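Student: let me see the structure of the following:
(chains A and B)
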There are 2 protein chains.
Amino acid sequence: MQTAPAKPPQVDAKLIVPFVNAVRHVLRTMAGWESNVERPRLKQKQGPEYDYSGIIAFSGTLIGTVVVSFHRDLAVKLVAAFVGCELPADTADFADAIGELANLIVGAAKAELGVNASISVPTVIMGKGHIVARPSDIPCIVVPCKTDAGEFAVEVSIKAA
Amino acid sequence: MQTAPAKPPQVDAKLIVPFVNAVRHVLRTMAGWESNVERPRLKQKQGPEYDYSGIIAFSGTLIGTVVVSFHRDLAVKLVAAFVGCELPADTADFADAIGELANLIVGAAKAELGVNASISVPTVIMGKGHIVARPSDIPCIVVPCKTDAGEFAVEVSIKAA
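Tutor: A predicted model of the protein is given here:
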């Protein structure tokens, strides 16, 4: 008997569209930035490397994590647009701003999802060229976000509990 | 009228002791390692830097995060003792092992806490010299863990919801 080839995990568009909308909305209203979100794709290998990541976990009817990751140049510009002045990178205030941006994006997406799930406080990683890894049993969807100042990524790795 | 000096946040020992016990238990049973946990202390400034961190969020009656952080040399040795063979660092399997160790430690502590809280799936950061930052409104307690192969830290930043 032949074994069927492993199917790639299915991506539930209903889980992803709210994050696309949330990125556009939060960047426009909180930083005055327009952004284009490219087609979300299934992440199939580890990486890429980032310099700043804001991490928020879901629990309840949805479990998993969402990570908003930036390279340094874009993070410095976006935080300046968000808080209204340039903050020195790698300070606690800078980390707070990255965490708050992640919280606003994930919070807006959660509201649109309309699910009975809770989101954690943000944890922020600062470190040139770090990799974020997650358990392999939850598919990870990369939402690539383009702005005039560069690109960043929202990586959504959640599923029904 | 004089303003009273800001009091340092109070540390609730009942929240911390289960993590001390969990570290000793998990290292002994899962890696065959003995460990000594030094006196937990309030983390008062950002840093230090680590190479690998396993991050788990609490939600429910407790909120916040717990981060288990390692330098590279110790991580490589501990993962080898845990899985029974040396794994190449920075691979997905290596990250899974770090995440599972964090999950075992936090899961054991949660069981002893006996609270109605849930813990998230682990997120693992791999990146030489990264810093983990958290919201400043939840005190962070560092639990320093000593083993024959070196030191690592469990940083507990949780509070009643």
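
Student: ok now stretch A:47-55, how far from the chain's centre?
Tutor: From the chain centre to the centre of stretch A:47-55 is a distance of 9 Å (CA atoms, centre = their mean, to the nearest Å).

Student: tell me if that stretch is near chain B.
Tutor: Yes - applying CB under 8 Å from any CB of the partner chain, one finds stretch A:47-55 touching chain B at A:49, A:53, A:55. For glycine as for every other residue, the C-beta is placed from the backbone atoms N, C-alpha and C.

Student: with respect to chain B, which of the residues you listed is nearest?
Tutor: Among these, A:Ile55 lies closest to chain B (CB to the nearest CB), at 5.4 Å.

Student: is the closest one in a helix, a strand, or coil?
Tutor: strand (DSSP: H, G, I helix; E, B strand; the rest coil).

Student: I'd say it and A:Ala133 touch.
Tutor: No - with contact defined as CB atoms under 8 Å, A:Ile55 does not count as touching A:Ala133 (11.4 Å).

Student: between these two, who's got more neighbours?
Tutor: A:Ile55 (28 against 24; other CB atoms under 10 Å in any protein chain shown).

Student: just the buried positions in stretch A:39-55, please.
Tutor: A:40, A:43, A:46, A:50-55 (16 or more other CB atoms under 10 Å in any protein chain shown).

Student: keeping just the C-alphas, turn that stretch into CSV.
Tutor: Taking Å, rounded to 0.1, in the frame of the first residue of the first chain, the C-alpha atoms of stretch A:39-55 are listed here in CSV:
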residue,chain,number,x,y,z
ARG,A,39,0.3,37.7,0.1
PRO,A,40,0.7,35.8,3.4
ARG,A,41,2.6,32.6,2.9
LEU,A,42,3.3,29.4,4.9
LYS,A,43,6.7,29.5,6.6
GLN,A,44,8.5,26.4,5.6
LYS,A,45,12.0,26.8,7.0
GLN,A,46,13.6,28.4,10.0
GLY,A,47,14.6,32.1,9.9
PRO,A,48,15.0,34.7,8.7
GLU,A,49,16.9,36.7,11.2
TYR,A,50,15.6,39.9,12.8
ASP,A,51,16.9,42.5,15.2
TYR,A,52,13.8,43.3,17.3
SER,A,53,10.8,41.0,17.9
GLY,A,54,7.6,41.6,19.9
ILE,A,55,6.0,38.3,21.0
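
Student: quick one: mean pLDDT over that stretch.
Tutor: Averaging pLDDT along stretch A:39-55 gives 92.

Student: does A:Ala117 touch A:Thr61 like I think?
Tutor: Yes - the pair A:Ala117 / A:Thr61 is scored as a contact, 5.1 Å apart, by CB under 8 Å.

Student: who has more neighbours, the two?
Tutor: Using other CB under 10 Å, the more surrounded residue of A:Ala117 and A:Thr61 is A:Ala117, with 18 against 12.

Student: and the strands in chain A?
Tutor: Assigned by DSSP state E, the strands in chain A fall at A:36-37, A:41-42, A:50-60, A:62-70, A:117-119, A:123-133, A:141-147, A:150-160.

Student: out of these, which comes closest to B:Val106?
Tutor: Evaluated over the strands of chain A, closeness to B:Val106 peaks at strand A:50-60, with 11.9 Å, by CB to CB.

Student: and the angle from that closest one to strand A:62-70?
Tutor: Counting by axes from the mean of the first three to the mean of the last three CA atoms, to 10 degrees, strand A:50-60 lies at 160 degrees to strand A:62-70.

Student: partner strands of strand A:50-60, with direction?
Tutor: strand A:62-70 (antiparallel), strand A:117-119 (antiparallel), strand A:123-133 (antiparallel) (DSSP bridges).

Student: possible to save these as JSON lines with mean pLDDT?
Tutor: Listed next are those as JSON lines, based on pLDDT from 0 to 100:
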{"stretch": "strand A:62-70", "mean pLDDT": "96"}
{"stretch": "strand A:117-119", "mean pLDDT": "92"}
{"stretch": "strand A:123-133", "mean pLDDT": "96"}
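
Student: show me which residues of chain A are close to chain B?
Tutor: By CB under 8 Å from any CB, the part of chain A that sits against chain B consists of A:46, A:49, A:53, A:55-60, A:63-65, A:67, A:90-92, A:95-96, A:99, A:118-136, A:138.

Student: was I right to think A:Val68 contacts A:Glu100?
Tutor: No - counting by CB under 8 Å, A:Val68 does not reach A:Glu100; the two are 10.8 Å apart.

Student: so those two - more neighbours on which side?
Tutor: Relative neighbour count places A:Val68 above the other of A:Val68 and A:Glu100, with 30 against 19, counting by other CB under 10 Å.
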